[in-house]
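*Asks:* Turn this into a structure:
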Amino acid sequence: MDYIETLNKKAVPSSWVTIGAFDGVHTGHQTLFRKIVDGARQANCQSVAITFDPLPALFFKRITTDHILTSTQERVALIKKLGVDHVIVLDFTREFADIDALTFMSDVKKALGLQKLFAGYNFTLGKDQAGTVAVLKEIGQQLDFEVEVVPPIRHGQEVVSSSNIRKILKTGDVVKAKDYLGRPYALCGRVVHGESRGSKLGIPTANLSIPGERLLPATGVYATLSHINRKTYISVTNVGVRPTFDNPLPYPRVEPHLLDTNETFYGKTMTLEFIDYIRPEVRFPDSKALVAQIQQDITKTREILKK
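*Replies:* Just a heads-up that it's a prediction; the model follows:
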């Protein structure tokens with residue numbers, strides 16, 4: 001099967017492994033990866049993370065196509081940044097979903113020399129999610145590998161999880177999301193031509209083309225940082241449908257106004273970090289009132305980013 005070939009390409013003699021979606025690579029994931037990296041080095045093994053594309057939750061429609069926190073490329077880069085030796089991305093297909101836990105773990109053991117598997121407290125694997133932690137421990141005894149269950153990381157009374165981060169972002173609380181992620185929530189997209197309405201008002205925006213599967217925070221105005229051409233700019237970003245104008249947009253757009261620059265950046269790729277929520281998107285009586293409010297938003301953004 002294709003996944004066996006993918007595993008064999010990363011064949012290592014001895015490894016510590018974790019398996020999961022890891023969407024967002026949040027602080028809970030980071031704790032897990034650091035534990036594996038440090039432990040594997042001490043045990044003279046290599047650390048391996050196995051993840052999937054698409055996400056199983058997306059494949060089984062437990063989440064919608066606009067609820068992804070990180071692209072596959074972003075996930076891989078974030079995991080590698082934490083020092084994991086190998087990140088393996090397996091194609092998640094119907095055929096793959098029908099593989100039972102014993103068969104899959106046997107293949108992992110053979111290809112990666114699995115010595116120790118790290119699993120989250122609520123982790124399941126294999127057909128019909130039958131590979132619970134208890135089942136995996138039994139398989140470990142059969143195949144001769146250890147299973148360590150990693151407890152959840154909590155923020156206050158709440159478990160840090162990808163699903164909870166999605167809920168938080170949908171409220172616009174990007175400060176709380178940062179605490180869960182260990183970094184600001186960010187979107188990456190290409191700057192494209194818009195309708196130039198911002199330019200006509202003297203407040204040009206860089207209209208971002210965001211992949212449709214990425215989760216947008218709640219509509220509103222945010223203090224943001226825009227990273228482009230190896231430079232970072234303070235920016236004020238509107239996520240919304242521009243209700244002040246006639247014919248509001250049918251879906252939200254992401255439109256940062258970069259401060260202290262006159263460049264347009266068309267065709268360039270921008271990474272936009274959400275630092276704080278300023279206000280909801282509202283309909284103003286006219287463009288003059290809108291511009292006056294944006295000037296206040298700019299002042300507030302500068303104050304926020306001086307902290």
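*Asks:* shaky segments in the stretch 151-300 of the chain?
*Replies:* 195-202, 243-250 (pLDDT under 70).
*Asks:* Which residues belonging to whichever helix in the chain runs longest are considered buried?
*Replies:* Longest helix in the chain, counting residues (DSSP state H): helix 287-306. Buried residues in helix 287-306, defined by neighbour count with 16 or more other CB atoms under 10 Å: 290, 293-294, 297-298, 300-301, 304. Placement of C-beta: from N, CA and C, glycine included.
*Asks:* mind checking how far Thr237 is from Tyr185?
*Replies:* Distance, Thr237 to Tyr185, using CB to CB, to the nearest Å: 12 Å.
*Asks:* Could you name every residue contacting both of the two?
*Replies:* By the contact definition CB atoms under 8 Å, 6 or more residues apart in numbering, Thr237 and Tyr185 are jointly contacted by Phe274.
*Asks:* re earlier: how about exporting the longest helix of the chain as PDB, limited to the C-alpha atoms?
*Replies:* Only the C-alpha atoms of helix 287-306 are listed here, as PDB (Å, rounded to 0.1, in the frame of the first residue of the first chain):
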ATOM      1  CA  SER A 287     -17.400  56.700   4.300                       C
ATOM      2  CA  LYS A 288     -16.300  59.800   6.200                       C
ATOM      3  CA  ALA A 289     -17.400  58.200   9.500                       C
ATOM      4  CA  LEU A 290     -15.700  55.000   8.500                       C
ATOM      5  CA  VAL A 291     -12.400  56.800   7.800                       C
ATOM      6  CA  ALA A 292     -12.600  58.600  11.200                       C
ATOM      7  CA  GLN A 293     -13.100  55.300  13.000                       C
ATOM      8  CA  ILE A 294     -10.200  53.700  11.100                       C
ATOM      9  CA  GLN A 295      -7.900  56.500  12.200                       C
ATOM     10  CA  GLN A 296      -8.900  55.600  15.800                       C
ATOM     11  CA  ASP A 297      -8.200  52.000  15.100                       C
ATOM     12  CA  ILE A 298      -4.700  52.900  13.800                       C
ATOM     13  CA  THR A 299      -4.000  54.900  17.000                       C
ATOM     14  CA  LYS A 300      -5.200  52.000  19.200                       C
ATOM     15  CA  THR A 301      -3.200  49.500  17.200                       C
ATOM     16  CA  ARG A 302       0.000  51.500  17.700                       C
ATOM     17  CA  GLU A 303      -0.700  51.600  21.400                       C
ATOM     18  CA  ILE A 304      -1.300  47.800  21.600                       C
ATOM     19  CA  LEU A 305       1.900  47.000  19.700                       C
ATOM     20  CA  LYS A 306       4.100  49.300  21.800                       C
END
